[in-house]
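# I would like the atomic coordinates for the input below:
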Amino acid sequence: MTDRAPILSGVLPPTGDVVREAARLLRDGRLVIIPTETVYGVAALASSPAAMARLYAAKGRPPAKPVARMIASADALPAALGTDVPPAARRLAAAFWPGPLTLVLRGSDGIPVGYRVPDHPVALAWLRALGDAVPAVTSANRSGEPAATDAASAWRALRPHAALALDGGPSRQGQASTVVQLEGPTLRILREGPIPASSISAAALPSGNGVGR
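Residues are numbered from 1 along each chain as shown. The predicted structure is shown next:
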């Protein structure tokens, strides 16, 4: 075990110690701001009702509105779902993960949940540091306000609630992910994003059948 100075709250560079501290804070039930290639996100431990309540309060988000999960790779999706991954979802994950695609799938409990693998080295390092802890992540802003594309803006929006912000530089895309829901053979685009519907259709269902809005 190595000695190190305690890490203070605030916007911090993503050194190894800071990334590990951000992972520890999330596992302890705190809120953490992270960079992604789309927009900055604020994360809570998905398995903790208390942490999720803090996330909804921080955002001013209606409790009935679900929050997507982030995972470190497509290989983690079967365990996260607790059931088999549909073939179309496997094809989409292979085509667009890591990247700005959120897949909404039903898990073993029958509840639809979104999953994404971000295309950002800091976010991926943080997810790996979390081990088997799964974060729920939503955009780092108050509900109804513009999404934050830099760490300072995200910190200003959520500072009373978040413990730490990892500064990964400006978000490359500045647009929230494309959200796709799969229900049996039917695929629906729930939110337009960086990946167009035509690309989703080609990757998931080459015939183009079953894509709706």
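# can you get me a residue count around Pro112?
12 (other Cβ atoms under 10 Å). All C-beta spots, glycine's among them, are computed from the backbone N, C-alpha and C.
# list the contacts of it.
66, 104-106, 181, 183 (Cβ atoms under 8 Å, 6 or more residues apart in numbering).
# and the furthest pair within those?
Pro66 and Glu183 (15.0 Å; Cβ to Cβ).
# please enumerate the helices of the protein.
16-27, 49-59, 77-81, 87-96, 121-129, 151-158, 197-204 (DSSP state H).
# out of those, nearest to Arg172?
Of these, nearest to Arg172 by Cβ to Cβ is helix 121-129, at 11.7 Å.
# quick one: list the elements packing against that closest one.
helix 16-27, strand 31-34 (3 or more Cβ pairs under 8 Å, 6 or more residues apart in numbering; DSSP states H and E).
# now do that helix and helix 16-27, the angle between them.
Between helix 121-129 and helix 16-27, the angle comes out at 60 degrees (axes from the mean of the first three to the mean of the last three Cα atoms, to 10 degrees).
# any regions of the chain where pLDDT drops low?
Counting by pLDDT under 70, the ranges of the chain that qualify are 1-8, 205-213.
# and this structure, what are its domains?
7-72+117-174, 82-114+175-205 (automatic domain parsing).
# hang on, the earlier thing: reformat the helices of the chain as a markdown table; add distance to Thr38 and mean neighbour count.
Formatted as a markdown table, these follow (distance: least, Cβ to Cβ, whole Å; neighbours: other Cβ atoms under 10 Å):
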| stretch | distance to Thr38 | mean neighbour count |
| --- | --- | --- |
| helix 16-27 | 19 | 19 |
| helix 49-59 | 17 | 17 |
| helix 77-81 | 19 | 16 |
| helix 87-96 | 12 | 18 |
| helix 121-129 | 10 | 20 |
| helix 151-158 | 13 | 21 |
| helix 197-204 | 16 | 17 |
